[in-house]
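Trainee: What follows is a predicted protein model with its sequence.
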Amino acid sequence: MVMKSLERHAVARVKSLYFTAAGIALEWKWCAVHVFFNDMHIIHSIESSTFFVQVSLKLLGLRIQLGHNPGENGDDFVVIDIHGIHEIGLDFCGCETAQIHYKQLIHAQWFPATATNPQTATTFTLMEFFHLLTFESKVSAYEFYHSIARWTDNTSTTPIRDRYSAFMGMVCQWRHLKVLKQAGRGHDPSGMDATSAGECTVLCPACPHPAKNLPEGWEDAPHDIRWKYALFLAIDANFWLKWKLVSSNNVDPSLNAGSCYFVEETVYKQYLSERGCEPQEKSTCVSHNAMNMADMKSSRGLAATGIGTVNCARHDMKLPNGVSDLQKGERYLNMDYLVFLVMVGFAVVVFNLSYDIACQWHKKLWSRMASMPPRLQLNRNNKIIRFFVPKFHLNAHIQSCQTEFSFNFGKNVGHMDGEAPERGWANINRMASSTKEMGPGAHCDTLDDHFSDWNWKKVTMLGQSLLHKVKEASRRAKLHREELNELEQSIPAPSLAVWKSEIERWEEDNTQPNPFESKVIPMTQAAIRHQLAKKEAADLRAGVDVSLHADISPSVLIASGIDLQDQQWCLAADISALGQHATDTQKTKIFNQSNALRHQLDNWAQIQVLYMPTVTSICAMEDAGHSEGTTALKPEKFQLWLPSQLDLHLPCDQQLHKSHDALNDVQQHIHLFTHLNTFRMANVQGQHASTRARTALNLAVEKKHASKAKYDAAWDALTALAPSLRKVGWTDIMRPLGGTDMRPMGDFIQGQSEVCASHHDIPWIWKTPGVLQDNDKGLQDCLHIEWCKVRAREACWSEELLLLLEAMWRVLMFLTWQGTWWAYANQQSTLCEAMVEKFRQRWAIVPAVVATELDDNSTLDMADTDGTLTIEGPPPLAAED
């Protein structure tokens, strides 16, 4: 640098802002200018003798010219760009043919804050960057703007013009204009005002859309083909996305106004106001908070307690007009409106609806529909509408609901879980902290924008996701088909024919007996006691009385001994859980239990010697073996010397039923532990809640081990008694219980694949009785249910493969149709064609993948395809039996 005068001025290299001749593109240049030191605080970047000082470009004499001859100027104009917030001098075009100011700014790729005398603008580059960044990181406009402000000056020593409010307005307008542009509304002769409800959404190309991606004559297809054209809907509510009572529709109206995912507000609110006094029905299944607590949901200070949605259940996408605010909980009033608004918009004939309270919600659905406005009433003629409960929520329902509303047992639904909305919530919940503070219009439009981005990302990933699913479905369909064939080979043909007839009748009519429910009532210990008591009563009437005590018969003595064994195990478990630093209260409780048990043992031993005199000599020999200084035996370790522990020829039926009871306890405690652990992993956070959950889990573990000890004792007793009584075959039913056997079935293992859970990996405790004996009703019932489940799994994966092939074909047809629809816009049309070509290339291996898994017993019929498969169309379906 050449210094001419340290006191007055200097020559410096400064970083200045330049424009191209058209005034469109920004670029940075280095130039040399003469400035005075007394103006240094307003210079953008000047090199003094030791450093650069940041100042404004405006006072360097920089002026930006839009167009030709300078016209009106904007000396206080502010431009917000990625590099900072800049004050500039601006000259609009002064030609007679010049356009209005905001259009000149848009031509320069600057987005104006207002259409009337704009004094602020943002560059298109900034708006596009923020738009994409907020989709991926969920950053709010507040955080983004203040990051740009700090980028401009992070010391607060240079005043920066506050344009945050203007930036917020520009963001709302930018989002809305992008929505209209991407929906092609700018080229509609009738204008943007003619935009219909839900027209600006990103549609799911894999869902059935008549006249877009369904074959001609699909409405008249036979039943064994029509199920492929079903629409799968998932219904759910989200109470994270609250919205505070901020502003009003007059101050902050929605720009989308029902053209995207949120319903049109005015009509929706009118519908609610007319029916707001209708009471919410109570659940008769289990305590569904979504239903029972709907009218009690706290709404203080809130305009909405959450949102309700209707999603595409198979492809995880939001549907047109499938979202609405929930004013007070998850009421039928709100959800019915959403569901029928979506269903009326789809001209399909088969609907499969998934809802976590479907068992209750569907009961009076059609009577509620009859009282709704005509535009929401669905024509049910020739339509098939079925209801399911999502798999994760199903375990919370009563047993009958777990079979009637299960995707696992439903026909023609493929491998579905119905939990699509839950995956979407994980993405959008990060917006809750910012959207709850917005006005009504910004709240709806912001969420609409994010739902569109979610759908678009899903569309672009269909090539990869559907291919992955086809590979998985092909592999699993073959595995389950082999498992079904192996199982059916061990089942007598007459029994198999009867079972097939039963399950087919139930699939056609769910009012028929459910083949997935057990028809055999297991004999419990209480039942066998009742039988023994009846037998003793008959003996007394016949004059045959073997009782040696007036009040206690032999059966009562043995039953009491078994109860005392249970108490011993419980006391031992409580003592082991006591720990080294037990409180006085805990110790007192243990002492009281011990004393009570000791009294009961003493009383029982006095009666025992009447019926079992040999016990006296055994106890005497044991006492002689103890040293004189030995303390009294603890009650939990007292040897009862039940008949099973002696070499006596006594009936072992009671021990057998005791083992059944113990095994049932083991199963119940495994269920308890599994569900507690699943809930803890999914919902419990924080030290206090985690500690309480861990305590509950430890209690379940202790109960499970106590039940195992009870079973082991019963099994040992059976082992001792059965040979002398020539009891055979019971070891095939009641096996030794190992640690690896004490685990849940595959259906209850969180995260375990279904193949691992069902393909030769079900613990024996869930399949008792365990040998194929035609005269064993319990075994036949167990085997019947297991066959039904294996058959259902095989059908699910075979149907899933067919649905995926159909979805691939529909995606290609939809994108081809969309490319034709965009024919006037070359860029959009070319984009659709490129996506079709990309998907075709990616899916080129699908025929080979599917063909390798086909065999003679496959559901797919290769006869009409010359031995080849093509992705241009789905393979033909063979008529189902």
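Mentor: Received, thanks. Numbering: from 1, shown residues only.
Trainee: average model confidence for stretch 109-128?
Mentor: Mean per-residue pLDDT for stretch 109-128: 94.
Trainee: Can you give the contact residues for it?
Mentor: For stretch 109-128, the surrounding residues in contact (C-beta atoms under 8 Å, 6 or more residues apart in numbering) are 24, 26, 74, 76-82, 100-102, 105-106, 148, 163, 166-167, 169-171, 173-174. Using the backbone N, CA and C atoms, a C-beta is placed for each residue, glycine as well.
Trainee: Which stretches in the stretch 51-200 of the chain count as helices?
Mentor: With DSSP state H, counting those that start in this stretch, the ranges of helices along the stretch 51-200 of the chain come out as 101-107, 124-137, 141-152, 164-182.
Trainee: Make JSON lines out of those and add distance to residue 425 and mean neighbour count.
Mentor: Listed next are the helices of the stretch 51-200 of the chain as JSON lines, based on distance: least, C-beta to C-beta, whole Å; neighbours: other C-beta atoms under 10 Å:
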{"stretch": "helix 101-107", "distance to residue 425": "37", "mean neighbour count": "18"}
{"stretch": "helix 124-137", "distance to residue 425": "16", "mean neighbour count": "16"}
{"stretch": "helix 141-152", "distance to residue 425": "22", "mean neighbour count": "16"}
{"stretch": "helix 164-182", "distance to residue 425": "21", "mean neighbour count": "18"}
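Trainee: Include distance to residue 219 when you put the ones you listed into CSV, please.
Mentor: CSV is the format used below for these (distance: least, C-beta to C-beta, whole Å):
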stretch, distance to residue 219
helix 101-107, 47
helix 124-137, 38
helix 141-152, 47
helix 164-182, 31
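Trainee: of these, which approaches residue 609 most closely?
Mentor: Comparison of the helices of the stretch 51-200 of the chain against residue 609 by C-beta to C-beta identifies helix 124-137 as nearest, at 80.1 Å.
Trainee: Off-centre distance for that closest one?
Mentor: From the chain centre to the centre of helix 124-137 is a distance of 28 Å (C-alpha atoms, centre = their mean, to the nearest Å).
Trainee: give the contact list for the nearest residue to residue 634 once chain neighbours are set aside.
Mentor: Spatial nearest neighbour of residue 634, chain neighbours left out: residue 594 (7.3 Å); criterion: C-beta to C-beta, 6 or more residues apart in numbering. Going by C-beta under 8 Å, 6+ apart, residue 594 touches 571, 634, 635, 636.
Trainee: Now do the last one: how many residues are near it, please.
Mentor: Yep, that's residue 636 we're talking about. When counting by other C-beta atoms under 10 Å, one arrives at 20 neighbours for residue 636.
Trainee: Number the residues from 54 up from this point.
Mentor: Sure, I'll start counting at 54 from here, so that last one is residue 689.
Trainee: mind listing what it touches?
Mentor: Residue 689 neighbours (C-beta under 8 Å, 6+ apart): 621, 622, 624, 625, 628, 647, 650.
Trainee: how about a cut-off of 7 Å?
Mentor: 621, 624, 625, 628 (C-beta atoms under 7 Å, 6 or more residues apart in numbering).
Trainee: The first one belongs to a helix?
Mentor: Yes. For residue 621, which was evaluated using DSSP: H, G, I helix; E, B strand; the rest coil, the result is membership in a helix.
Trainee: Look at the residue lying closest to it once chain neighbours are set aside and report its pLDDT.
Mentor: The spatially closest residue to residue 621, leaving aside those adjacent along the chain, is residue 689, at 4.8 Å (C-beta to C-beta, 6+ apart). With respect to pLDDT, residue 689 scores 78.
Trainee: Against residue 472, how distant is residue 689?
Mentor: Residue 689 sits 46 Å away from residue 472, going by C-beta to C-beta, to the nearest Å.
Trainee: again with residue 530
Mentor: Relative to residue 472, and taking C-beta to C-beta, residue 530 is found at 22 Å.
Trainee: Name the residue in those two with the higher neighbour count.
Mentor: residue 530 (27 against 20).
Trainee: Go through the helix or strand hosting that one and flag the buried ones.
Mentor: Using DSSP states H and E, the element containing residue 530 is helix 515-541. Of the residues in helix 515-541, 515-516, 519-520, 522-534, 536-537, 540 count as buried by neighbour count, 16 or more other C-beta atoms under 10 Å.
Trainee: just checking, residue 442 touches residue 449?
Mentor: No. Using C-beta atoms under 7 Å, residue 442 is not in contact with residue 449, being 8.9 Å away.
Trainee: quick one: which of those two has more around it?
Mentor: Comparing residue 442 with residue 449 by neighbour count (other C-beta under 10 Å), the higher total belongs to residue 442, at 24 against 17.
Trainee: Just give the nearest non-adjacent residue to that one, would you?
Mentor: Nearest non-adjacent residue to residue 442 (C-beta to C-beta, 6+ apart): residue 458, at 4.2 Å.
Trainee: so what's that neighbour up against?
Mentor: So residue 458 contacts 411, 412, 440, 441, 442 (C-beta under 7 Å, 6+ apart).
Trainee: What separation do you get for the last one and residue 405?
Mentor: Spatial separation of residue 442 from residue 405 under the definition C-beta to C-beta is 12 Å.
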